[in-house]
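# With the input below, show me the fold.
(3 chains)
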Amino acid sequence: MLDVALISNLPNFDDFSRPELEAFISQSRARHVKKNEYFFSEGDPAECFYLLLDGYIRVVRISPAGEQVIVRYIASNELFGIAHAIGRDTYPANAIATVDCVALAWPMSLWNKTVQKHPSFAQVANSTVGSRLMDVQERVIELATEQVEHRVAMALMNLVKQTGKEVEEGILIDIPLTRQDVSDMTGTTLHTVSRLLSGWEQSGLVKSSRKRVIVTNKEKLLALTTNGR
DNA sequence: TCATTAATTGCCC
DNA sequence: GGGCAATTAATGA
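Residues are numbered from 1 along each chain as shown, chains lettered A, B, ... in the order given. The predicted model follows:
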């Protein structure tokens, strides 16, 4: 089976034997979701957990004021929709395909069994939950205390880490990314983001065009994330 | 080509 | 910095 070769190297499956892995995968269903369509919405019953094979997903919540907030992006080979790992039976946010995506979906009823039987899987699940929690906490502090310029620089660096792709001019953030998206991540407005990016483009830190951002000077951008004032 | 969606900029708070 | 409006640019049907 093609899928086995694709994922057998992931740390999630270190302690699966080949037949175990094949059996596990045979219980999943491949789900293709087109750009801008939903894997699931906030509050939906958490019927499945997923492993993203290809694409990028943005995790979005709607604030009480009705504004959309991009909580994070999910890249390929990450688990998502793992509501049971945090003791929920509904999904805590919307998961929207940023580009065309392919994921494997397992019925949530398999979650407990899998975690109990396979420490490697449990460990990846735990560290996924843990590092996402850390991210959220860091961002709450950031939003409350840091300058906008600092936050935007931080958001771009995180995207570089997750989705960065080497190109001639620098590192491309490999998802369609609008100014609006960046402002939804950093709690600013698209205007401010546009102005910041224009300024950075002038000084040679980034290069941007419609839905595309290339970081041309990672060091300087990184410097903005550490002092920022 | 036209309609839609994104991005920029200037002005004011 | 944010909000708004006008303008321009890119894109996809």
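# For the residue nearest to residue A:176 when sequence neighbours are not counted, give me phi and psi.
In this structure, residue A:176 finds its nearest non-sequential neighbour in residue A:211, 4.1 Å apart by Cβ to Cβ, 6 or more residues apart in numbering. In short, each C-beta sits where N, CA and C put it, glycine included. Dihedral pair for residue A:211: phi 60, psi 20, per degrees, to the nearest 10.
# what do you get for residue A:76?
phi -60, psi 150.
# Quick one: residues contacting residue A:124.
A:10-12, A:79 (Cβ atoms under 8 Å, 6 or more residues apart in numbering).
# wait, I meant residue A:151
Neighbour list for residue A:151: A:142-143, A:186-188 [criterion: Cβ under 8 Å, 6+ apart].
# And for residue A:83?
Contacts for residue A:83 (Cβ under 8 Å, 6+ apart) come out as A:46, A:49, A:89-92, A:108.
# quick revisit: surely the residue nearest to residue A:176 and residue A:177 touch.
Yes: judged on Cβ atoms under 8 Å, residue A:211 makes contact with residue A:177 at a distance of 6.0 Å.
# buried residues in stretch A:216-224?
Neighbour-count burial for stretch A:216-224, counted by 16 or more other Cβ atoms under 10 Å, picks out A:216-218, A:221-222, A:224.
# can you give me the mean pLDDT across that stretch?
In this model, stretch A:216-224 has a mean pLDDT of 95.
# Is it in proximity to DNA strand C?
No: judged by Cβ under 7 Å from any atom of the strand, stretch A:216-224 stays clear of DNA strand C, getting no closer than 11.3 Å.
# what does that stretch contact?
Outside stretch A:216-224, the residues touching it (Cβ under 8 Å, 6+ apart) are A:149-150, A:153, A:156-157, A:160, A:169-171, A:200, A:203-207, A:215.
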